[in-house]
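>>> from the sequence below, what's the structure:
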Amino acid sequence: MTQQYCKGNFSTWDPKITTFPGLYVLGVMYAWVSYLLLGWTGVGLEVTCSGPYLRSLNALLAVVTVQLAYAVSCELQQIHADDSSSTSSQAAKQQGAVNSKQKQQQQHRLALGVALVVGLLPTQFFFAFLFYTDIASLLFLLLAELVLLRHRPYAAAAAGFAAISMRQTNAVWVAFLTGAAMLHDVIKHAGTSNEPGSICSNSFSRSNDSHDANNSSHSSQLSSQHVRCRARQGKASGQEQQQQQEQVQGPLTREAKPQQVQHSSSSGLKQLLLTVWQLRYRLLLDYWLLLLLPMAFCVFVVWNGGITLGDRAAHAPATHLMQPLYFAMFFLANAGLLLLQKPVLERTHAALSVIGRSPVVAVLGVFGILGAMALCVTKYSLVHPYLTADNRHYTFYLWRKMFAKHIAVRYLLVPVYAAGWALLVFALSVTQHGLWVAAFIVSCWVTLAPAWLLEFRYFTVPFVLAVLHMPPPPRALSLLVLAGYCCVNAVTLWVFSKRPYTWADGSTARFMW
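Down below sits the predicted model:
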């Protein structure tokens, strides 16, 4: 399509293309700018509009994506650090000022590790060498989040529009990022913690220097900050402060009771809803353009009679409830080592301790979740015709050699799915508000469940957002993960370039994700 657009044939459309033409328009701009810059050397449009040259665009965009991931990670860490310092004592602030440069350097090191994880993720890295929508899609989503973190909602709307023009499912993620920005504004205004059960404690439950051995425990830090915050506001008596401290500390310690967690969560939710109502006009004024994007997309879906533009028979929406479960396994395989960090392990231990206070309820809940996932395996393990026919993709061999080998294999993986989602939720809840985590889960299911075809690249966006918003891992864990990514990428590129094969029609095919 880009080559047709280069010739000025903008009315041409391939009925097999399912996405908006955003990438092809971007490709035309890239080709024409390159022609204007290099034309004096004799390079013509036939070169800048050629397949190899257009593929170089994705390589450049992949580099920019890494830079954006780095910037987003730095912004998130700085916002959380600022929120943490705002509830610290004066002595702690003075000490923090002395060590601010060291903390900033540490933030940059951690952000670099996160950015490299994003850039070298196999399903991201591989498509940097092909003219696919994946790279540009993720780039504009990260750009939208970055400018949102910098409080520029109109610029975020432009980036969100570009993201949706690359891939339709980005409409859901634009709505999610908009809601996350609004949630942050509401929490900041209300003095509400990222912990669902607190009203004004630290919004970053574990700061980036939590990897140091000298840091206090997560529970006591939250509790002391919560009490100091309420004392400064002068809105609570000493007895109320003690009760509020128990509400914050309760969900994080062995002494927590389910009733305490439920009560504190409901009180925090009421405070949030009250603040949303108070700020309703300001929120609409700031984010109306961003809110308009998913609304306009919904109108398009109704008008178009579906999500995809072309090839609707092969890309018809389905109720494929196994897709989010496959994502959980994908997350464990690619980020399992990143979860072996102190904040995540502490949160997992604390959550299991709370659950363990009611063993009967816990057992019933676990069996209920496992049973629901087993039902998904039974009823919603959909097999797209492409999955069993297109032997270029690794999912073809994974399905054939593993999932289709014996039905028992699918059920044996149910605990893996459950563990993947549980660990993902625990990791995100260290740094994010409960509503943020809930919205992320819903967004994953909304974007993945309608996809009939199993493709690993569909998991890239939720994976990247999860890695960016959980605590940044220490350097050692990042290096281990990156070493594994490099090995996988090397093998994948070698097979792609050195092991082509011929189809029955005489065309050459290559293995790919």
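
>>> report the rounded mean pLDDT for the helix or strand hosting residue 287.
With elements taken from DSSP states H and E, the one containing residue 287 is helix 280-304. Confidence for helix 280-304, expressed as mean pLDDT, is 94.

>>> likewise for stretch 43-52?
89.

>>> next one: stretch 21-30
93.

>>> list the buried residues in that stretch.
21-28, 30 (16 or more other C-beta atoms under 10 Å). Where C-beta positions appear, they are placed from N, C-alpha and C, glycine not excepted.

>>> give me the contacts around it.
For stretch 21-30, the surrounding residues in contact (C-beta atoms under 8 Å, 6 or more residues apart in numbering) are 1-2, 5-6, 13, 48-49, 54, 57, 131-133, 136, 162, 164-166.

>>> on that earlier part again, helix or strand next in line after the helix holding residue 287, which one?
Trace forward from helix 280-304 with DSSP H and E and the next one is helix 322-335.

>>> distance from that following helix to the middle of the chain?
The chain centroid and the centroid of helix 322-335 are separated by 13 Å under C-alpha atoms, centre = their mean, to the nearest Å.

>>> now swap in stretch 502-513 and tell me
That offset, for stretch 502-513, works out to 33 Å (C-alpha atoms, centre = their mean).

>>> need the distance between the two termini of it.
One end of stretch 502-513 to the other measures 18 Å (C-alpha to C-alpha, to the nearest Å).

>>> ok, and what's touching that stretch?
Surrounding stretch 502-513, the residues in contact under the criterion C-beta under 8 Å, 6+ apart are 122-123, 126-127, 130, 391-394, 455-457, 492, 495-497, 499-501.

>>> on that earlier part again, residues of the helix holding residue 287 that come out buried?
Using 16+ other C-beta under 10 Å as the test for burial, helix 280-304 gives 283, 286-287, 290-291, 293-294, 297, 300.

>>> swap in stretch 175-192?
175-187, 190-192.

>>> one more: stretch 42-61?
Buried-residue list, stretch 42-61, by 16+ other C-beta under 10 Å: 48-49, 53-54, 56-58, 61.

>>> of these, closest to residue 451?
Among the buried residues of stretch 42-61, residue 58 lies closest to residue 451 (C-beta to C-beta), at 22.0 Å.

>>> so the closest one makes contact with residue 135?
Yes: Residue 58 is within contact range of residue 135, at 4.7 Å (criterion: C-beta atoms under 8 Å).

>>> overlap in contacts of those two?
Contact with both residue 58 and residue 135 is made by residues 127-128, according to C-beta under 8 Å, 6+ apart.

>>> which residues in the chain form strands?
501-502, 508-509 (DSSP state E).

>>> could you dump these into JSON lines and include mean neighbour count, distance to residue 480 and mean pLDDT?
Converted to JSON lines, these look like this (neighbours: other C-beta atoms under 10 Å; distance: least, C-beta to C-beta, whole Å; pLDDT from 0 to 100):
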{"stretch": "strand 501-502", "mean neighbour count": "10", "distance to residue 480": "34", "mean pLDDT": "82"}
{"stretch": "strand 508-509", "mean neighbour count": "10", "distance to residue 480": "34", "mean pLDDT": "82"}
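
>>> looking at those strands, which is nearest to residue 325?
strand 508-509 (29.4 Å).
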